[in-house]
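>>> give me a 3D structure for the following:
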Amino acid sequence: MTFDKLDIVEPILKAIEAKGYTNPTPIQAEAIPVLLQKRDLLGCAQTGTGKTAAFAIPILQNLLEDGHGKVKRKIKLW
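The predicted structure follows:
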């Protein structure tokens with residue numbers, strides 16, 4: 001599986017690819033789709049398996065898409 005199969009928006013996909021990542025870890029592949037649906041999730045995995053990204057990617061996407069009635073926020077690539 002690749003990140004583009006997880007319904008991640010293009011700006012975030014580009015940032016992930018720019019950092020050299022192509023395939024999600026198991027925790028990412030399982031967590032990202034659930035969190036993109038704004039559902040609660042409790043995940044458990046070893047250190048270094050990508051838990052932070054598994055939670056941060058959906059948070060960034062939800063912030064980008066929601067905007068709370070404001071102009072949609074842009075994501076910067078550093």
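
>>> now do the contacts for the residue positioned nearest the centre of the chain.
Closest to where the C-alpha atoms of the chain average out (CA atoms, centre = their mean) is Ile57, at 2.2 Å. Ile57 makes contact with 8, 12, 16, 28, 32, according to CB atoms under 8 Å, 6 or more residues apart in numbering. For every residue, glycine as well, the C-beta is placed using N, CA and C.

>>> make CSV out of those residues and add distance to Leu41, secondary structure and pLDDT.
Converted to CSV, the contacts of Ile57 look like this (distance: CB to CB, whole Å; DSSP: H, G, I helix; E, B strand; the rest coil; pLDDT from 0 to 100):
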residue, distance to Leu41, secondary structure, pLDDT
Ile8, 16, coil, 95
Ile12, 18, helix, 94
Ile16, 19, helix, 95
Gln28, 12, helix, 97
Ile32, 10, helix, 97
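
>>> which of those residues ranks first by neighbour count?
Using other CB atoms under 10 Å as the neighbour test, the contacts of Ile57 are led by Gln28, with 25 neighbours.

>>> okay, and Leu63 sits in which element?
Assigned by DSSP states H and E, Leu63 belongs to helix 51-66.

>>> and what of Pro33?
Applying DSSP H and E, one finds Pro33 within helix 26-36.

>>> that helix to helix 51-66, inter-axis angle?
20 degrees (axes from the mean of the first three to the mean of the last three CA atoms, to 10 degrees).

>>> give me the buried stretch members for helix 26-36, please.
Residues 27-29, 31-33, 35-36 are the ones in helix 26-36 that count as buried (16 or more other CB atoms under 10 Å).

>>> what does stretch 46-63 give?
Buried, per 16+ other CB under 10 Å, within stretch 46-63: 50-51, 53-55, 57-58, 60-61.
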